[in-house]
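Colleague: Here's my sequence, what's the structure:
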Amino acid sequence: MAKAKNVDEYIEQQRMAIASNPDCGTSHYNLAVALIGQKNFDEAEKELHDAVGCSPSLAEAYVQLGGLCLQRGDLDGCLHYNTQAINSRAGFSEGYGNIGFIHLQKGDLDKSIAALRKAIIYNSNFLQAYTTLANAYLMKNLVVESIEANLKAIEIEPNFAIAHNNLAIAYMQNDQFDKAVEHCDMAVKLGYPVAPEILKELEQHR
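Modeller: Modelled structure (predicted):
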């Protein structure tokens with residue numbers, strides 16, 4: 001199949017592929033992702049259901065369905081589909097990362113931490129999982145563990161501003177103000193909107 005010149009042509013190609021082979025889950029999935037890009041969420045959702053109907057192990061399609069739920073503010077729906085994602089494919093790190101994020105939103109820190117630990121076991125470079133895990137640890141007052149998770153995030157991506165901001169907060173809580181100032185400055189330099197009260201408190205420790 002010739003490479004599409006634009007999204008509309010790509011969508012048309014996927015529709016033709018489905019017309020000639022309706023049972024190809026990947027074509028339904030590809031069409032759905034393109035439709036999501038065009039914010040055509042209702043049709044995208046239908047195509048994703050068709051995708052998993054044809055290919056029950058297509059974990060990415062469940063994750064996309066979860067994303068559509070999250071957009072509507074439906075945390076339980078998002079959790080449901082990401083649970084299906086990890087059930088359909090063993091060791092699917094993205095699913096575990098999303099489950100951890102949802103449990104964090106729901107305030108269930110233990111479940112969040114358990115899922116996020118699995119996410120990074122299956123993908124040791126899962127940047128977002130480390131920062132979400134660091135937040136969960138901090139909310140549970142596991143400050144040292146939070147620092148370790150954030151340090152791992154900036155080991156993967158040194159210019160990851162969120163992790164520098166989180167490190168500033170964690171080091172403040174641990175009374176390591178020199179390090180807090182260092183990471184706060186880095187977050188600011190990278191364009192992160194550090195909370196004014198943090199900036200104000202750290203001014204006293206310069």
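Colleague: Apart from its neighbours in sequence, what residue is nearest residue 123?
Modeller: Nearest residue to residue 123, sequence neighbours excluded (C-beta to C-beta, 6 or more residues apart in numbering): residue 93, at 3.7 Å. C-beta coordinates here come from the backbone N, C-alpha and C atoms, glycine included.
Colleague: residue contacts, that neighbour?
Modeller: Counting by C-beta atoms under 8 Å, 6 or more residues apart in numbering, residue 93 makes contact with 118, 119, 120, 122, 123, 126, 129.
Colleague: per-residue confidence at the fourth one?
Modeller: Same thing as residue 122. We have a pLDDT of 98 for residue 122.
Colleague: how would you label residue 107: helix, strand or coil?
Modeller: With DSSP: H, G, I helix; E, B strand; the rest coil as the basis, residue 107 sits in coil.
Colleague: What count of nearby residues applies to it?
Modeller: Residue 107 is flanked by 9 other residues according to other C-beta atoms under 10 Å.
Colleague: how close does it sit to residue 76?
Modeller: 14 Å (C-beta to C-beta, to the nearest Å).
Colleague: next one: stretch 165-185 to chain centre, how far?
Modeller: 24 Å (C-alpha atoms, centre = their mean, to the nearest Å).
Colleague: CA atoms only: put that stretch into CSV for me.
Modeller: Provided in CSV are the C-alpha atoms of stretch 165-185 (Å, rounded to 0.1, in the frame of the first residue of the first chain):
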residue,chain,number,x,y,z
ASN,A,165,10.3,19.8,40.4
ASN,A,166,9.3,16.7,42.3
LEU,A,167,12.9,16.2,43.5
ALA,A,168,12.9,19.8,44.8
ILE,A,169,9.7,19.0,46.9
ALA,A,170,11.0,15.6,48.1
TYR,A,171,14.4,17.0,49.1
MET,A,172,12.7,19.9,51.0
GLN,A,173,10.6,17.4,52.9
ASN,A,174,13.9,15.5,53.7
ASP,A,175,15.6,18.8,54.9
GLN,A,176,18.2,18.5,52.1
PHE,A,177,17.8,22.1,51.0
ASP,A,178,21.0,22.4,48.9
LYS,A,179,19.7,19.6,46.7
ALA,A,180,16.2,21.0,46.7
VAL,A,181,17.5,24.4,45.5
GLU,A,182,19.6,22.7,42.8
HIS,A,183,16.7,20.7,41.3
CYS,A,184,14.3,23.7,41.7
ASP,A,185,16.6,25.8,39.7
